[in-house]
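Peer 1: Fold the following and give me the result.
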Amino acid sequence: MKKYHKFVGIAIAALTLTSCGGGGVSSSQESFVSGNGSAVFMNPDKRIQAPAMSGRTLSGENYTYSVGAVTVVNVWASWCSPCRAEAPTLVALAKKYSEVTFIGILTRDNLASAKAFERRFAIPYPTLTDDSILIGFKGSLSANAIPTTVVIDRNGLVAARISGQVTVAVLTKLIEQVSAE
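Peer 2: I've put the predicted structure just below:
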């Protein structure tokens, strides 16, 4: 009977440990969770200022975000399965909405893997490599959910957030809604 209880205890511990990594989380990135794709639109009077975004990009150039255009900011990593799944959607929408600024922010990744991801998906917009920028999104961007995408209005205010993988329908609706303001 003692062996049986020991086996049950080990089995429960194993199930508990393996269930903690759900939601598309890479086991090497346990402090991050994958969002569920929910979108939140913020009324103009409830919006907060997006942080300054500047720094080195994956291509080695310096980039500085300028207020004035509707902007889509996507937080991603090459090890993130939903990030890989949404990349073609982001690329297609960046091409479709040429008047909208698209920016990536790389988080918890190595540069070689991120550059390979960028080449594989032919990402046409800059990706900033300093994820400390995410601290400035406090209150509008969950820094532990990946991927996360925010839409910034022309005034530099965070207008919407998608926590998890974007879809064409949801991101298109948000871009058009914010662009029409």
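Peer 1: from here on, contacts and neighbour counts on C-alpha atoms
Peer 2: OK.
Peer 1: Check for me that residue 40 belongs to a strand.
Peer 2: Yes. Counting by DSSP: H, G, I helix; E, B strand; the rest coil, residue 40 is found in a strand.
Peer 1: That one touches residue 164, doesn't it?
Peer 2: No. Residue 40 is beyond contact range of residue 164, at 11.6 Å (criterion: C-alpha atoms under 8 Å).
Peer 1: For the strand or helix carrying residue 150, name the packing helices and strands.
Peer 2: Using DSSP states H and E, residue 150 falls within strand 148-152. Helices and strands touching strand 148-152, by 3 or more C-alpha pairs under 8 Å, 6 or more residues apart in numbering; DSSP states H and E, are strand 71-76, strand 158-163, helix 168-179.
Peer 1: Can I get these in a markdown table including mean neighbour count?
Peer 2: Below are those laid out as a markdown table (neighbours: other C-alpha atoms under 10 Å):
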| stretch | mean neighbour count |
| --- | --- |
| strand 71-76 | 24 |
| strand 158-163 | 26 |
| helix 168-179 | 16 |
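Peer 1: Which per-residue confidence value corresponds to residue 68?
Peer 2: Listed pLDDT for residue 68 reads 95.
Peer 1: sec struct for it, please.
Peer 2: coil.
Peer 1: could you list every residue that touches the residue nearest to it when sequence neighbours are not counted?
Peer 2: Nearest residue to residue 68 in three dimensions, chain neighbours excluded: residue 154, at 4.5 Å (C-alpha to C-alpha, 6 or more residues apart in numbering). Contact analysis of residue 154 by C-alpha atoms under 8 Å, 6 or more residues apart in numbering lists 67, 68, 69, 70, 71.
Peer 1: didn't the last one look like it was pressed against residue 98?
Peer 2: Spelled out, that is residue 71. No. Taking contacts as C-alpha under 8 Å, residue 71 lies outside contact range of residue 98: 10.7 Å.
Peer 1: hmm, back to that, run the chain-centre distance for the strand holding residue 150.
Peer 2: The chain centroid and the centroid of strand 148-152 are separated by 8 Å under C-alpha atoms, centre = their mean, to the nearest Å.
Peer 1: Tell me the strands beside it, with direction?
Peer 2: Using DSSP bridges, the strands paired with strand 148-152 are strand 71-76 (antiparallel), strand 158-163 (antiparallel).
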